[in-house]
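Enquirer: Take a look and give me a structure for this.
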Amino acid sequence: MLLTNRKFEREEPSLTAKSLYIFCEGAKREKKYFQYFVKMDSRVNIEVYDLNDQEDNSPLGLLNIAQNSTISTKENPSPQYDFQEGDEVWIVLDRDKDKLDSRAPQLAAIRTFCQDKPAWNMVQSNPCFEVWLYYHVFDTKPSFEDDDTCVAWKRWLNQNLSGGFHSSRHPIFIEKAMQHSKANYSATNNEPDKGSTEVHLLAANMLSILKEKIDKVLAEVQT
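Expert: Numbers count the residues shown, from 1 in each chain. Reported below is the predicted structural model:
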């Protein structure tokens, strides 16, 4: 239905463009998803950090990478990104439990870190990023066997979405995903419940800049 590898007409870069620095622990799916928008419009400088295999991709490890990449200090005078006033950092994480549930205290620590820093944001999906992808197509919270595990979510999405989720065309429905996930969102003690995701918060921020371009693409597809 949607054109694959579409060539977008990019706007000229703006000196006042806001940059969103997105740090994901997922090495493939999350990066491919957000790269779709990186290619769409140069008016927003969306940077998706390319995590390599040797780096610590635990939640606190990712926070440390985000700090080192954006914050200039005496020990780190030249961070990778030129973070300016008005720019934002978004850390995208999963709730997926390990045997010792070692992620829980790390997620809590990152949430606390971001609370008093307006430019820093954490968004979490329970149990995995596939929850956010699911809402691009479906509008109610699902229930299936082992729906508290990433493996089950990935399997369900592949079985119930023809051909699976395609990062080359499904992301254009980001506004629909934002609406669906927000309508089905619930949390306990500030933690997303099973089948809930906070990524709609990041999506709303992205749409404030990209909506005109996205609406144009959708209009062309639907005619």
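
Enquirer: What ranges in this structure fall below the confidence cut-off?
Expert: 1-16, 26-27, 41-44, 99, 222-223 (pLDDT under 70).

Enquirer: From the centre of it, give me the residue that's furthest out.
Expert: In the chain, the residue that sits farthest from the middle, by C-alpha atoms, centre = their mean, is Lys74; the gap is 30.6 Å.

Enquirer: any idea how far that residue is from Arg169?
Expert: For Lys74, the distance to Arg169 equals 46 Å [C-beta to C-beta, to the nearest Å]. Where C-beta positions appear, they are placed from N, C-alpha and C, glycine not excepted.

Enquirer: cool, and Cys24?
Expert: For Cys24, the distance to Arg169 - C-beta to C-beta - is 20 Å.

Enquirer: of the two, who's got more company?
Expert: Set Cys24 next to Arg169 and count neighbours by other C-beta atoms under 10 Å: Cys24 wins out with 23 against 16.

Enquirer: next one: phi and psi at that one?
Expert: Main-chain torsions, Cys24, degrees, to the nearest 10: phi -120, psi 140.

Enquirer: I figured it hits Phe34, correct?
Expert: Yes - judged on C-beta atoms under 8 Å, Cys24 makes contact with Phe34 at a distance of 7.2 Å.

Enquirer: Identify the contacts common to the two.
Expert: Val48 (C-beta atoms under 8 Å, 6 or more residues apart in numbering).

Enquirer: and Ser167, how many neighbours does it have?
Expert: 16.

Enquirer: go on, Gln84?
Expert: Residues near Gln84, counting by other C-beta under 10 Å: 12.

Enquirer: ok, it to Ala204 distance?
Expert: 21 Å.

Enquirer: Please apply the same query to Ala17.
Expert: Counting by C-beta to C-beta, the gap from Ala17 to Ala204 is 18 Å.

Enquirer: Give me the buried positions along stretch 144-154.
Expert: Neighbour-count burial for stretch 144-154 flags 147, 150, 152-154 (criterion: 16 or more other C-beta atoms under 10 Å).

Enquirer: Out of those, name the ones that lie in helices.
Expert: Cross-referencing the buried residues of stretch 144-154 against helices under DSSP state H gives 150, 152-154.

Enquirer: Using the three-state scheme, assign Val89.
Expert: Secondary structure state of Val89, per DSSP: H, G, I helix; E, B strand; the rest coil, is strand.

Enquirer: cool, Glu145 as well?
Expert: Assignment for Glu145 (three-state DSSP): coil.

Enquirer: Which residue is the nearest non-sequential neighbour of it?
Expert: With sequence-adjacent residues excluded and distances taken as C-beta to C-beta, 6 or more residues apart in numbering, Glu145 is closest to Ala152, at 6.6 Å.

Enquirer: go on, Thr70?
Expert: Among residues not flanking Thr70 along the chain, Phe83 sits closest, at 4.2 Å (C-beta to C-beta, 6+ apart).

Enquirer: Am I right that the one you found sits in a strand?
Expert: No - under three-state DSSP, Phe83 falls outside any strand and is assigned coil.

Enquirer: Check whether it really touches Tyr21, as I assumed.
Expert: Yes - Phe83 is within contact range of Tyr21, at 7.2 Å (criterion: C-beta under 8 Å).

Enquirer: Please identify every residue contacting each of those two.
Expert: 70, 89.

Enquirer: quick one, phi psi at Ile46?
Expert: Taking degrees, to the nearest 10 as the convention, Ile46 sits at phi -80, psi 120.
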